[in-house]
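*Asks:* Sequence and predicted model, in that order:
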Protein chains: 2
Amino acid sequence: MTAYDELLEHARTTMALSQVMGRLGWDQETMMPRGAAAQRSEEMAALEGVLHARRVDPRIGEWIERAEPPDAAGAAQLRLIARDHQRAVRVPERLATELARATSISQGVWAEARERDDIAHFLPHLDEVLRLRREEAAALADGGDPYDALLAGYEPGATGAGIAAMFERMRPRLVALRDRVLGSALHPPPLRGLFPREAQLRLARRMAEAFGYDFSRGRLDLAVHPFSSGSGADVRITTRVAEDDPFNCLYSTIHEVGHATYEQAIDDSHALTPVGQGVSMGVHESQSRCYENQIARSRAFTGFLRAKMTEEFGDLGLRGADAFHATVNRVAPGFIRTEADEVHYNLHIMLRFDLERALITGDLDVADLEEAWNARFAADFGLPVDRPAHGVLQDVHWSIGLFGYFPTYALGNVYAGCLHQAMRADLPDLDDHLAAGDPAPATAWLRDMVQRHGGLYEPAELITRATGAQPSEGPLLDYLEAKFGAIYWV
Amino acid sequence: MTAYDELLEHARTTMALSQVMGRLGWDQETMMPRGAAAQRSEEMAALEGVLHARRVDPRIGEWIERAEPPDAAGAAQLRLIARDHQRAVRVPERLATELARATSISQGVWAEARERDDIAHFLPHLDEVLRLRREEAAALADGGDPYDALLAGYEPGATGAGIAAMFERMRPRLVALRDRVLGSALHPPPLRGLFPREAQLRLARRMAEAFGYDFSRGRLDLAVHPFSSGSGADVRITTRVAEDDPFNCLYSTIHEVGHATYEQAIDDSHALTPVGQGVSMGVHESQSRCYENQIARSRAFTGFLRAKMTEEFGDLGLRGADAFHATVNRVAPGFIRTEADEVHYNLHIMLRFDLERALITGDLDVADLEEAWNARFAADFGLPVDRPAHGVLQDVHWSIGLFGYFPTYALGNVYAGCLHQAMRADLPDLDDHLAAGDPAPATAWLRDMVQRHGGLYEPAELITRATGAQPSEGPLLDYLEAKFGAIYWV
């Protein structure tokens, strides 16, 4: 075997084992008996140890030096393997073990603290996780910017400075749009009624199929938090049902279908290799967001959806398709990021980005975090945070050390804006299909331009190739202003 | 850390990873989308490679040499680890890989061959699996008896000669009992009717609970073949439903509950160690058989069950509790081992034992296997085999290389006989509890005498400690003669 072949075979086995790890995570959230939690964390720690040992295997460096990739895909494999290996070897094993243990404990404490609004109990654990992640960031950065080093783990090529500059450009237009929408005379009501669980799940499954999810290589289950997991021939999604809000189950499902079809659509020849995965968290989120928002919350598609839902649930109590579209897209300030509308969503991210960057640089202490959060939230949203569970305790991310992850949600929105603009240019009659309940031309476009490539191109290059322009926030803001303008003041 | 502590830590991690492997197997049979099969086998092969490397790790031998076990449990750990390590190092890696590949292919071919009664297609694959297993047996035996070496992988301490001698003693009494039963005037009818799936599953869950299965550390799902998988805090069972036969689901479930409660009952302090597992396949089967047959098919318990099932399904069309008990225990010759009654079951095993021993010694060729099976079956059961799926193709075992496994089923029956005799002596009023639908005194006795010890004692010693006598076939035969005599000629 050539050095390249040996390297790839090693990477394939590592990927197969990391798929196993993903399956354990899925099982934990969907199937695992509650009494098995402690044993499961021991099982996952054992597998994590195996994965870590494989990632720092010194033979990887030797193979890379001698490897001659056979083609462009091979060169991409080499690049991705080298990057992962370099990150792995920079983190001392002692630190990796401490982080795994600290975040595992901290996540449990966070869940309890959120339930009881008991922030004091959580802060020492967050402090410890932050201390370890700052140490890891310094090791990864190797003299560079520590926040950038963490961010690079989720979005290769992105920098804190670049995102900060982008947010500076986005904020005035978003705030102006938000203020104008909230100041308008229109206040679409939320949907009211009881929407039976089985009917919601039936609709969710039909929509998952319509949006291209392949059930022969996946499955849909219930979980507390919707997620997508796995890669290649086994990509599973979860959803949840609130009987007083059918949009929760429906749009969560379509969102996860965006993630899942991305993994399902990657060229088979890359299965179980580094190129055979979604290229970054931001690009992943661009798919889920584009499915959920630009496509499934469009005026054309909601017209179809209204008819479908009336069939399934009876009269929805809304006068006409425009009123339904306005209700699906109703804008209202709120505490919770995951429930935010498209206008507010990125403001939630900006808040978290600034705070977590200050935590990593050391400009903000954990002891001052709650106060900083509440002050910033009041300034940005005009509401005083009424309890920690609605404020700094709402997200799991920091409790498990995910600093540098939040901005990828906003990047996903931005990429979705770029892709949607290009897609509309390529598919002038897309709305006719959406109005008939058929998103296939849109999903086929995304599959062809983005999904099938997996990790072949870096995120920015991938978007540029798909759209003909460097990714920027302009198309997203144009889309939001046009969409919400049409609802609120036309 | 002492050498003993290092050894145990290494073993714990290996056990944790082997639990992960078990979970993948469970997922494959219950949850996995059908399109994921090829990827799953790659994932399992990757994990199998990790497990194999851990089992042959040369440090194990060094630790064992220096290890000083702190107590009797530690000595048992050392003994089990040493045995597993010695077996692992005797099998060349090339052979282990070839076996994994050949059995994986062969199982698929077997399943197709059974469906189409196409034995010719299967035989070359069986021949290859047999060739590799004979090579493995020779390596494991290291000059000793090859069949014994395979058997030892499932039932430490057992030998082919010992089992052959036991079968010689069992056969005349079993055949005499069978002939007398079949010659009697009584022919209990099978149950007739349609028994709704949901009601069957509800009953199965209630019985699983009554028999001590802890659902907070397990779950019950549907699968093509009932099985139990996992250990410690996560032991899952499956069952199946035939709407024309409620005993299928019910007794399958109780059988698997016997396996599962064994794993659930082992002392927590041994979790994820070699002692923290059921000690052998035979002892495992003794628990499932004793739950299913000696307890749940007893006259006392079936009296309760009849009332319960009448409540659930309406009138069963049988006159009285004795008639119901006779129907539950009806004796009839048949082709299929897994459907055999208690009188016929061990005759099915004897046939397989003799044939597989001859295959391993080389006295029987795969080319002559079908003819040998059919001749032997006609002689033992008085029926000509009508198709290969009802004969040599009925069991999966040989297709995946499980030679030496079948006798553990008969050993399980024999151990169950011994345990049941001792249990009855210790619990004179057990039938009062069973008649009230409460098997708890019996399951508590088994937990205390057998299950909680895990791998602390070797199988024969465990049974001897529990019963006060060396295991022997006498109690099983006494029990069968008394039970079927009471049904058929009293």
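*Replies:* Yes, it's here.
*Asks:* Every contact and neighbour count from this point should use C-alpha atoms.
*Replies:* Noted.
*Asks:* Now do the helices in the stretch 301-450 of chain A.
*Replies:* For the stretch 301-450 of chain A, the helices defined by DSSP state H, counting those that start in this stretch occupy A:320-328, A:342-361, A:369-381, A:407-426, A:430-435, A:440-449.
*Asks:* wait, A:Val343 sits on A:Leu480?
*Replies:* Yes: proximity of A:Val343 to A:Leu480 meets the contact threshold set by CA atoms under 8 Å, at 7.1 Å.
*Asks:* buried sites along the stretch of helix or strand A:Glu62 belongs to?
*Replies:* According to DSSP states H and E, A:Glu62 maps onto helix A:58-66. For helix A:58-66, a neighbour-count test (16 or more other CA atoms under 10 Å in any protein chain shown) marks A:60-61, A:63-64 as buried.
*Asks:* Closest to B:Leu17 out of the residues you listed?
*Replies:* Closest approach to B:Leu17 among the buried residues of helix A:58-66 (CA to CA): A:Ile60, at 23.7 Å.
*Asks:* can you tell me which residues contact A:Asp244?
*Replies:* Neighbouring residues of A:Asp244 by CA atoms under 8 Å, 6 or more residues apart in numbering or on different chains: A:192-195.
*Asks:* can I get the buried residues of helix A:58-66 in a markdown table with distance to A:Glu6 and pLDDT?
*Replies:* What follows is those, written out as a markdown table (distance: CA to CA, whole Å; pLDDT from 0 to 100):
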| residue | distance to A:Glu6 | pLDDT |
| --- | --- | --- |
| A:Ile60 | 9 | 98 |
| A:Gly61 | 12 | 97 |
| A:Trp63 | 7 | 98 |
| A:Ile64 | 10 | 97 |
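*Asks:* Chain B contacts on chain A?
*Replies:* Residues of chain A lying close to chain B by CA under 8 Å from any CA of the partner chain are A:13-14, A:16-17, A:19-20, A:24, A:32-36, A:39, A:42-43, A:46-47, A:50, A:215-219, A:232-234.
*Asks:* Can you list which of those residues are found in helices?
*Replies:* A:13-14, A:16-17, A:19-20, A:24, A:39, A:42-43, A:46-47, A:50 (DSSP state H).
*Asks:* Report the two of those separated the most.
*Replies:* A:Thr13 and A:Gln39 (24.6 Å).
*Asks:* okay, the two: which has more neighbours?
*Replies:* Using other CA atoms under 10 Å in any protein chain shown, the more surrounded residue of A:Thr13 and A:Gln39 is A:Thr13, with 23 against 18.
*Asks:* Pull up the gap between A:Ala260 and chain B, please.
*Replies:* Using CA to the nearest CA, to the nearest Å, one gets 14 Å for the distance from A:Ala260 to chain B.
*Asks:* List the contacts of that residue.
*Replies:* Per CA under 8 Å, 6+ apart, neighbours of A:Ala260: A:213, A:228-229, A:231, A:235-237.
*Asks:* In a helix, it, correct?
*Replies:* Yes: under DSSP: H, G, I helix; E, B strand; the rest coil, A:Ala260 falls within a helix.
*Asks:* Now do it, the pLDDT please.
*Replies:* A:Ala260 carries a pLDDT value of 98.
*Asks:* List the ones among the contacts of A:Ala260 that fall in helices.
*Replies:* Filtering these for helices - DSSP H - leaves nothing at all.
*Asks:* on that earlier part again, what subset of the residues of chain A next to chain B is buried?
*Replies:* Burial by neighbour count, 16+ other CA under 10 Å: within the residues of chain A next to chain B this picks out A:13-14, A:16-17, A:19-20, A:24, A:32-33, A:35-36, A:39, A:42-43, A:46-47, A:50, A:215, A:217-219, A:232-234.
*Asks:* Indicate each strand paired with the longest strand along chain A and its parallel or antiparallel sense.
*Replies:* Using DSSP state E to assign secondary structure, the strand with the most residues in chain A is strand A:234-239. Here strand A:234-239 is paired, per DSSP bridges, with strand A:220-222 (parallel), strand A:228-231 (antiparallel).
*Asks:* hang on, the earlier thing: going by neighbour count, which of the contacts of A:Asp244 comes out on top?
*Replies:* Within the contacts of A:Asp244, most neighbours by other CA under 10 Å means A:Phe195, with 18 neighbours.
*Asks:* what secondary structure does it sit in?
*Replies:* Here A:Phe195 is coil, with the state taken from three-state DSSP.
*Asks:* which residues touch it?
*Replies:* A:Phe195 neighbours (CA under 8 Å, 6+ apart): A:243-246, A:313.
*Asks:* Those in helices, which ones?
*Replies:* Checked against DSSP H, the contacts of A:Phe195 include these in helices: A:246, A:313.
*Asks:* Could you measure from the residue nearest to the spatial centre of chain A over to A:His255?
*Replies:* Nearest residue to the geometric centre of chain A (CA atoms, centre = their mean): A:Glu285, 4.4 Å. Between A:Glu285 and A:His255 the computed distance is 9 Å (CA to CA, to the nearest Å).
*Asks:* Next: A:Gly320.
*Replies:* 25 Å.
*Asks:* How about A:Arg197?
*Replies:* For A:Arg197, the distance to A:His255 equals 19 Å [CA to CA].
*Asks:* So these two - more neighbours on which side?
*Replies:* More neighbours surround A:His255 than the other of A:Arg197 and A:His255, with 27 against 16 (other CA under 10 Å).
*Asks:* And the pLDDT for that one?
*Replies:* In the predicted model, A:His255 carries a pLDDT score of 98.
*Asks:* again, but for A:Val490
*Replies:* 64.
*Asks:* For the stretch 1-150 of chain A, which segments count as helices?
*Replies:* Along the stretch 1-150 of chain A, the segments classed as helices by DSSP H, counting those that start in this stretch run A:3-30, A:37-55, A:58-66, A:72-90, A:93-116, A:119-141, A:146-152.
*Asks:* As CSV, those with distance to B:Arg299 would be great.
*Replies:* Below are the helices of the stretch 1-150 of chain A laid out as CSV (distance: least, CA to CA, whole Å):
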stretch, distance to B:Arg299
helix A:3-30, 41
helix A:37-55, 40
helix A:58-66, 66
helix A:72-90, 64
helix A:93-116, 50
helix A:119-141, 58
helix A:146-152, 68
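*Asks:* for those helices, which one ends up most surrounded?
*Replies:* The highest average neighbour count among these, using mean count of other CA atoms under 10 Å in any protein chain shown, belongs to helix A:146-152 at a mean of 23.
*Asks:* quick check: mean pLDDT across the helix or strand following it?
*Replies:* Using DSSP H and E, the helix or strand that directly follows helix A:146-152 along the chain is helix A:160-183. Averaging pLDDT along helix A:160-183 gives 98.
*Asks:* and what of stretch A:332-351?
*Replies:* Rounded mean pLDDT across stretch A:332-351 is 97.
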